[in-house]
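Colleague: missing the sequence, but the structure's below:
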């Protein structure tokens, strides 16, 4: 009877093996496609807000060429809007300082992503250019380093191309588009980022407390400080959240049992 069972297992083995490997390949392909699909969708959604920046930049006194160069070389939407707003009000020095402060958060993102993306050589300069809110959120949401790299690249490529093309269209057609606020394009970026972090806000009281404290700090500081500074100050709410978060409980293994041995017959 045992010989017959072994023979049946040998016959079934080759047939079952390729099928198992095939399902494993399909699962791996699906894992790779999911971050790429999410990155492309987010890049297209947020990139369209470049229309608002292009129109706002030209309305503040910049030329279409200057607006496009800012998007190509700076590629930090919040910093670009802060600079354009400061140029319109005449406080260019404060606008530059605010843009630098807003962009400094990307340095913290880079420190977090360095070990995850594992980029070497000259490519590090290009990768650093793509470290922004959206690429960081997509990368950190992935379960493995490989899918994190896939999501980062897809988001960066799609968002960079869409943002710069939209900036060109918005800058050239600024006179015809009118105020960006008319179309609500100025809220696309913040709304997309809120959608990214919404699952974390629902995760627990600490996350919601940090979000509310950060919003309160930013709103209180906005009337008194130049653009960019309230956002940096709002990040201090995360320190309070880290102090209030409960310490993780030590892991406990299974209770020791009898030494393994042959099963009783």
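Modeller: Arrived safely. Note that this is a predicted model, so its numbers are computed, not measured. Numbers count the residues shown, from 1 in each chain.

Colleague: residue 149 against residue 117, yeah?
Modeller: Yes: contact criterion Cβ atoms under 8 Å: residue 149 and residue 117 qualify, at 5.7 Å. To be clear about C-beta, it is placed using only N, CA and C from the backbone, and glycine gets the same treatment.

Colleague: for these two, list the residues in contact with both.
Modeller: Common contacts of residue 149 and residue 117, defined by Cβ atoms under 8 Å, 6 or more residues apart in numbering, comprise residue 139.

Colleague: show me the domain layout of the chain.
Modeller: 30-184, 202-244 (automatic domain parsing).

Colleague: low-confidence ranges in this protein?
Modeller: 1-33, 87-99, 101-102, 175-204, 226-229, 231-232, 235, 238-265 (pLDDT under 70).

Colleague: ok, and what's touching the helix or strand harbouring residue 139?
Modeller: Using DSSP states H and E, residue 139 falls within helix 133-140. For helix 133-140, contacts defined as Cβ under 8 Å, 6+ apart pick out 35, 38-39, 42-43, 46, 109, 112-113, 116-117, 148-149, 151-152, 154-156, 159, 192-193, 196-197.

Colleague: which is the next helix or strand following that helix?
Modeller: Counting by DSSP H and E, what follows helix 133-140 is helix 145-172.

Colleague: what is that next one packed up against?
Modeller: Packing contacts for helix 145-172, counted by 3 or more Cβ pairs under 8 Å, 6 or more residues apart in numbering; DSSP states H and E, involve helix 2-47, helix 50-59, helix 64-73, helix 105-117, helix 133-140.

Colleague: what residues sit buried inside it?
Modeller: Across helix 145-172, burial judged by 16 or more other Cβ atoms under 10 Å covers 147-160, 162-172.

Colleague: next, residue 225: secondary structure please.
Modeller: coil (DSSP: H, G, I helix; E, B strand; the rest coil).

Colleague: that one - nearest residue in space that isn't next to it in sequence?
Modeller: In this structure, residue 225 finds its nearest non-sequential neighbour in residue 233, 7.6 Å apart by Cβ to Cβ, 6 or more residues apart in numbering.

Colleague: what sits against the one you found?
Modeller: Neighbour list for residue 233: 217, 218, 221, 225 [criterion: Cβ under 8 Å, 6+ apart].

Colleague: pick out whichever of the residues you listed sits closest to residue 55.
Modeller: residue 218 (24.9 Å; Cβ to Cβ).

Colleague: wait, that closest one touches residue 234, no?
Modeller: Yes: in terms of Cβ under 8 Å, residue 218 counts as a neighbour of residue 234; the distance is 4.2 Å.

Colleague: if you count what's nearby, which of the two comes out ahead?
Modeller: Between residue 218 and residue 234, counting by other Cβ atoms under 10 Å, residue 234 is the more crowded of the two (21 against 18).

Colleague: which residues does that one contact?
Modeller: Counting by Cβ under 8 Å, 6+ apart, residue 234 touches 214, 215, 217, 218, 221.

Colleague: identify the residues contacting the second one.
Modeller: If I follow you right, that is residue 215. By Cβ under 8 Å, 6+ apart, the contact set of residue 215 is residue 234.

Colleague: what's the helix or strand for it?
Modeller: Using DSSP H and E, residue 215 sits within helix 205-221.

Colleague: quick one: buried residues of that helix?
Modeller: 207, 210, 211, 213, 214, 217, 218, 221.

Colleague: from those, which is closest to residue 76?
Modeller: Of the buried residues of helix 205-221, the one sitting nearest to residue 76 (Cβ to Cβ) turns out to be residue 218, at 17.4 Å.

Colleague: what's the nearest residue to residue 168 if we skip its chain neighbours?
Modeller: Distance criterion Cβ to Cβ, 6+ apart; nearest residue to residue 168, sequence neighbours excluded, is residue 68 at 5.5 Å.

Colleague: quick one: the one you found from residue 80, how far?
Modeller: Going from residue 68 to residue 80 by Cβ to Cβ, to the nearest Å gives 11 Å.

Colleague: again, but for residue 130
Modeller: As for residue 130, its distance to residue 80 is 15 Å (criterion: Cβ to Cβ).
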